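In: generate a structure from the sequence data that follows.
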Amino acid sequence: MYYQFKKEDAESFQRSTGIFAKERGNELQFQYCPYCHGGKHKDKGSFSINLTSGQFECKRSSCGVHGNMITLAKDFDFSLGAEYDRYYKRDYSRYIKPRKKEIETREPAVNYMLSRGISEAVSRKYKLTTVPDKDNILVFPFFDDKGMLVSSKYRKTDFDKAKDKNKEWFESNCMPILFGMEQCNKENKTLVITEGQIDSLSVAEAGIENSVSVPNGARGFTWIPYCWDWFSKFEKLIVFGDFENGKMTLLDELKTRFPGRVCAVREEDYKGCKDANEILKKFGKEAVRNAVENAKELPVRNVKELADVESVDIYSMDKISTGIKSVDDILGGFYAGQVILLTGKRGKGKSTLASQFCSSVLKQDKKIFAYSGELQDYFFKRWIDFQIAGPDRIVETTNQYGEPKKFITNSNIDKINNWYRGKAYIYDNNIIEDEEPTDLLKTIEESVMQYGIDVVLIDNLMTAIEIDVNSDLYRAQSMFVNKLCKLAKRHNVVIILIVHPRKNKFTTDENDEVSGSADITNRVDVVMTYKSDDDLSDDMRYLSISKNRLTGKLTADKGIELYYDDKSKRINDTGNFAEDYGWDKEFDGFIDIPDDDSMPFSF
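Out: Predicted coordinates for the structure are as follows:
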């Protein structure tokens, strides 16, 4: 039975102890340590359980206890469920009693082991023998750490697949333990574990102490509950399993079960061989010893050496211009891997500014993906089309009722479509969903990978997350933004996220004005607020930058003054809206006025 950690087990343990705990990041942090009871005062949160791996530790140097949920189950008589309790809580009653027995090493056993590169001295140390009346049946005696014979394993030295049913078998009703426990040096806190008994003897032959092997193959871990107390006292485990098809046996299971440091023999040190005995026979003792001594500690997930981090000049990193010089002067542009949070009062033009950013991205021959939870796709398209077209390409006229209207000619719409075809994508929220709605994050990630997206726009947070009436809104928001940040860094894309401000705010800190969990602004890289002012004309706005993780530069006073052109929906810091986006290189400055029946959708 293999125990698979579940977050609910950590929460159940917390309830069983009655110790207050709080989830922070991927850890469940306890008010104090259940072992040393330290942390009630200055060391609050010193004991924690990792909610991904199930590993726990106390960070107090005077305690330092660590392990996993199985350790907690044993130490605190805590149940992991009946199925696991039957396995991990040992029951010796069904096994024959361990006995003290002297075993004479017989010559047939010595001779066979010599053929495998194992010396007579090692064979006698591990008390190898053969069945008295059957010299072709080798016997591996399994002694526990107290020298008691617990079980015996038999192996045919002249195994014939055509004639023999089994190559190896155990004495019936014997307790499963590790082979070689008696011969280990308890003062040496490093343990080497192999899959086969002859492999562990090969390691011993190379002069390595504390070599043991599992009793019943790579998938058999029935020995763990019977060896746990002894096994968990070692501080370092070197896994020397069989290496086949580019993968080592034992390693995946042991790295989740052993409470200390886990190291693995490097692939190159197998020298193309399957196991330790084959290395011994082909390359000698030195090769086996080097394999063990060169074993590398498995890296902690999501951790690497600082020295291995690439030295990067942030000013030479890949970035995309915002299209607004004053904003680029502060931010340096949008850097790949960033999440940009854009907020501001309703109706003041957040979506228009975000669309302007997207227009500038397309002008730089980059690709965008847009999600709009509040606008129909055709509305979003017309808005960005107006910005791309510019004021000189927009026709202003009146309809039959004398009402003003603006539009782009069909011929120019075709040119704009062709200009950004293959570069601009939008989430289709008009599709009637199946029973299970499509996950937005999954759609975004697939689009980024398939279409090579550079910038993602999400308008806005509240429409992007899916919650039910029983959900914690702030937690859902925080988790969604956290996933966005990971996605941005994983695929090296820019994500612009529009978030509404709080309805009732009692703060002058713009980062605190953002609606939702405080985690939102903590997680993102840039926070921008688009706002108006009573002293400004209707065509002017401010853009303030209150967080800039990469360079730290922020806007002063009210922020950057921006101008807005109602005709083209363009926004910039110059007031000159005639910039050519390059979609019509042959434009001659004259506008083709079409007949009324060729007029597309207009504003």
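In: what pairs with residue 154 across the strands?
Out: On the basis of DSSP bridges, residue 154 is bridged to residue 139, residue 169.
In: now for it: which residues touch it?
Out: Residue 154 makes contact with 131, 137, 138, 139, 140, 168, 169, 170, 171, according to Cβ atoms under 8 Å, 6 or more residues apart in numbering. Using the backbone N, CA and C atoms, a C-beta is placed for each residue, glycine as well.
In: ok, the residues you listed vs residue 479, which is closest?
Out: Taking Cβ to Cβ as the measure, residue 170 is the one of these closest to residue 479, at 49.2 Å.
In: tally of neighbours for that closest one?
Out: By the measure other Cβ atoms under 10 Å, the count of residues near residue 170 is 15.
In: repeat for the one 3 residues further on
Out: Close neighbours of residue 173, defined as other Cβ under 10 Å, add up to 9.
In: correct me, but it touches residue 150?
Out: No - contact criterion Cβ atoms under 8 Å: residue 173 and residue 150 do not qualify, at 11.1 Å.
In: show me what counts as buried in stretch 541-551.
Out: Residues 541, 542, 543, 544, 545, 546, 547, 548 are the ones in stretch 541-551 that count as buried (16 or more other Cβ atoms under 10 Å).
In: quick one on the thing from earlier: can you flag the buried ones in the contacts of residue 154?
Out: Taking 16+ other Cβ under 10 Å as the criterion, what is buried in those is 137, 138, 139, 140.
In: residue 226: which of those is nearest?
Out: residue 140 (16.9 Å).
In: ok, the closest one - contacts?
Out: Counting by Cβ under 8 Å, 6+ apart, residue 140 makes contact with 126, 128, 152, 153, 154, 155, 179, 197.
In: tell me the bridge partners for residue 424.
Out: Judged by DSSP bridges, the bridge partners of residue 424 are residue 368.
In: now it: how far from residue 582?
Out: Per Cβ to Cβ, to the nearest Å, residue 424 is found 15 Å from residue 582.
In: residue 359 - that's part of a strand, no?
Out: No - read with DSSP: H, G, I helix; E, B strand; the rest coil, residue 359 is helix and lies in no strand.
In: distance of it from residue 311?
Out: For residue 359 relative to residue 311 (Cβ to Cβ), the value is 35 Å.
In: ok, the two, which is more surrounded?
Out: Neighbours were counted for residue 359 and for residue 311 using other Cβ under 10 Å; residue 359 has more, 26 against 4.
In: the more buried one touches residue 323, doesn't it?
Out: Yes - contact status for residue 359 versus residue 323: in contact at 7.0 Å, counting by Cβ under 8 Å.
In: in the chain, spot the helix with the most residues.
Out: Taking DSSP state H as the criterion, the chain has its longest helix at helix 473-491.
In: thought residue 571 was touching residue 324?
Out: Yes - at 7.3 Å, residue 571 counts as touching residue 324 under the criterion of Cβ under 8 Å.
In: contact partners for residue 465?
Out: Shown in contact with residue 465 (Cβ under 8 Å, 6+ apart): 476, 477, 480.
In: ok, of those, which one's closest to residue 236?
Out: Comparing the contacts of residue 465 against residue 236 with Cβ to Cβ places residue 480 closest, at 40.6 Å.
In: just give the number of residues close to the closest one.
Out: 22.
In: spatially, which residue comes closest to it, not counting chain neighbours?
Out: What sits nearest to residue 480 in space, not counting adjacent residues and going by Cβ to Cβ, 6 or more residues apart in numbering, is residue 465, at 4.7 Å.
In: kindly report the same for residue 478.
Out: Take residue 478 and drop its neighbours on the chain: the residue closest to it by Cβ to Cβ, 6+ apart is residue 519, 3.9 Å away.
In: please tell me how far residue 584 sits from residue 393.
Out: 8 Å.
In: pLDDT (mean, whole number) over stretch 353-361?
Out: For stretch 353-361, the mean pLDDT works out to 96.
In: what sits against residue 336?
Out: When contacts are counted by Cβ under 8 Å, 6+ apart, residue 336 touches 317, 318, 319, 320, 454, 492, 493, 494.
In: how near is it to residue 456?
Out: Distance, residue 336 to residue 456, by Cβ to Cβ: 12 Å.
In: what is in contact with the two at once?
Out: Contact criterion Cβ under 8 Å, 6+ apart; residues shared by residue 336 and residue 456: 493, 494.
In: re earlier: going through the contacts of residue 336, which ones are buried?
Out: Applying 16+ other Cβ under 10 Å to the contacts of residue 336, the neighbour count classes 319, 320, 454, 493, 494 as buried.
In: quick check: bridge partners of the last one?
Out: For residue 494, the beta-bridge assignment (DSSP bridges) gives partners residue 455.
In: hmm, back to that, pick out whichever of residue 424 and residue 582 has more residues nearby.
Out: Neighbours of residue 424 and residue 582, each counted by other Cβ under 10 Å, are more numerous for residue 424; the result is 23 against 12.
In: do you know how far the more buried one is from residue 401?
Out: Distance from residue 424 to residue 401, by Cβ to Cβ: 34 Å.
In: likewise for residue 164?
Out: On the measure of Cβ to Cβ, residue 164 and residue 401 end up 99 Å apart.
In: of these two, which one has the most company?
Out: Neighbour count, other Cβ under 10 Å: between residue 164 and residue 401, residue 164 has more, with 10 against 6.
In: report the contact partners of the residue lying closest to that one once chain neighbours are set aside.
Out: In space, and not counting its chain neighbours, residue 164 is closest to residue 156: 6.0 Å by Cβ to Cβ, 6+ apart. Contact analysis of residue 156 by Cβ under 8 Å, 6+ apart lists 136, 137, 138, 164, 166, 167, 168.
In: the same query, at a cut-off of 7 Å, please.
Out: Neighbouring residues of residue 156 by Cβ atoms under 7 Å, 6 or more residues apart in numbering: 136, 137, 164, 167.
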